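Trainee: Take this sequence and fold it.
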Amino acid sequence: MSKPYVYLTRKMPQNITDQLAAACDVGMWEKAEEPVPQHILKEEMKTADAVFCNVSDVIDKDMIDAAEQLKVIATMAVGYNNIDVKAAQEKNIYVAHTPGVLTETTADLTFALLMASARRIPEGIDVIKNNEWGAWAPFFLTGQDIYQARLGIIGMGRIGEAVAKRGTGFDMDIVYHNRTPKKEAEQRLGARLVDMDELLQTSDFVCVMTPYTKETHHLIDKQAFDKMKSSAIFINTSRGGTVDEEALYNALKNGDIRGAGLDVFENEPISADHPLLSLPNVTALPHIGSASETTRKKMAEMTANHILQALRGETPDYIVKE
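Mentor: Presented below is the predicted three-dimensional model:
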C-alpha cells in the first residue's frame with residue numbers, strides 16, 4: 001500500500017521532513033526564501049493528501065477544487081486569510097493553523113516595535129552610522145514616554161492580552177476594543193473595554209492585533225487616523241490589510257500622528273521604494289513577529305503533527321472553524 005503524499009511549500013529542517021517521511025512520501029519546494037510558483041503548487045495539490053504551507057502561499061478555490069485527494073491544508077501560521085477556508089470545508093478538507101505557540105514571541109516583537117518607535121531608536125542608529133552625532137543638544141532625538149502612557153489594543157485575543165501584560169510592566173493605562181468583553185483579562189491586567197472612538201481619540205499607542213477578515217479590511221482608515229491624537233504612535237503586527245496604507249502615509253506625512261511601527265504590509269514583501277519607507281517616523285520590519293528560533297521550530301513541528309493527525313483519520317489539534 002502506497003504512503004500518502006505530502007507537499008511542503010518551503011524548504012524545512014531535516015527533522016521536520018524526517019517526521020513526515022516516517023509515514024508519508026514527501027515532496028518539497030527546495031528553497032527557503034523563495035515562494036513556490038502558483039502553477040507548481042496547483043499541480044502538486046492535484047495529487048497531494050496534505051499540504052504544508054505558510055502565509056505567502058495563496059490557496060484559492062480553483063486550486064482546492066482541482067485537488068483530487070487532499071485531506072488537510074496545514075499552515076505554519078496563525079492567520080489563514082491566504083486560504084479559501086470555505087472552499088476547503090465544502091470538500092471536507094481540514095485547514096489547520098498554529099495559534100498559541102507564537103503568542104509570547106509576537107507580543108515581544110510588538111512591544112519592541114512600540115519602544116523603538118517611541119524612543120526613535122532606528123533614527124538614533126542612523127545618526128551613529130552616518131557620523132551625525134554632534135554636540136549635546138537639549139531636545140536632540142527626543143521621543144515619547146511609555147511609562148504611564150495609554151495603550152489602546154484593538155483585538156484582545158491571545159496576542160493582544162500578552163501585549164497588554166507587557167504594558168503593565170510600564171504602568172501603562174490599558175484600554176481595549178473587542179467584539180466581546182474579556183472580564184478575566186480586565187481583572188488580571190487592569191484593562192478597560194472602551195468603544196473604538198474612545199480608544200482612537202485617547203490612546204498614546206494604538207496597537208492593531210485583530211485577525212484579517214472581510215470585516216477588518218482597512219479597519220484603520222483615514223477616519224480612524226483623523227480621530228487619533230497628533231502625538232499617537234500606531235503599531236501593527238497583525239496583518240497589513242487591516243490598515244489603509246495610503247491613509248497611514250498621509251497621516252504620518254502631515255503630522256496627524258507621530259509615528260508608526262509596522263511588521264506587516266498589505267502586499268509583502270514591500271519594495272524599497274514603498275512610500276511609507278521614505279518617512280523617518282516609520283519603523284518597519286519584514287514580518288518577523290514570530291521569528292524566534294524556538295518558536296519557528298515549534299510552529300513547524302505543530303504543522304507537521306497536524307498533517308499526521310489528519311492522515312491518521314484524526315482531527316488536527318487546531319483547525320479553523322468558520
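Trainee: Could you look up the SS state of the spatially most central residue of the chain?
Mentor: Centroid-nearest residue in the chain, with C-alpha atoms, centre = their mean: residue 238, separated by 3.8 Å. What DSSP: H, G, I helix; E, B strand; the rest coil gives for residue 238 is coil.
Trainee: which ones are touching it?
Mentor: Counting by C-beta atoms under 8 Å, 6 or more residues apart in numbering, residue 238 touches 79, 155, 208-212, 264. For glycine as for every other residue, the C-beta is placed from the backbone atoms N, C-alpha and C.
Trainee: nearest to residue 306, of the residues you listed?
Mentor: residue 79 (15.4 Å; C-beta to C-beta).
Trainee: Which helix or strand contains that closest one?
Mentor: Following DSSP states H and E, there is no helix or strand that holds residue 79.
Trainee: circling back: I'd like to know how far the residue nearest to the centre of the chain sits from residue 154.
Mentor: Counting by C-beta to C-beta, to the nearest Å, the gap from residue 238 to residue 154 is 9 Å.
Trainee: any residues in contact with both of those two?
Mentor: Shared contacts of residue 238 and residue 154 (C-beta under 8 Å, 6+ apart): 208-210.
Trainee: counting contacts, what elements does the longest helix belonging to the chain pack onto?
Mentor: Ranked by residue count and defined by DSSP state H, the top helix of the chain is helix 293-311. In terms of contacts (3 or more C-beta pairs under 8 Å, 6 or more residues apart in numbering; DSSP states H and E), helix 293-311 is packed against helix 14-21, strand 50-53, strand 72-75, strand 94-96.
Trainee: Would you mind saying which of the ones you listed lies nearest residue 293?
Mentor: Nearest of the helices and strands packed on helix 293-311 to residue 293, taken as C-beta to C-beta: helix 14-21 at 13.2 Å.
Trainee: Given the helix or strand that comes right after the closest one, what are its sheet partners and their directions?
Mentor: For helix 14-21, the following helix or strand on the C-terminal side (DSSP H and E) is strand 25-28. Within its sheet, strand 25-28 is paired with strand 5-8 (parallel), according to DSSP bridges.
Trainee: show me where this structure has helices.
Mentor: Per DSSP H, the chain carries helices over the ranges 14-21, 38-47, 61-66, 85-90, 103-118, 121-129, 158-168, 183-189, 196-202, 222-227, 245-253, 293-311.
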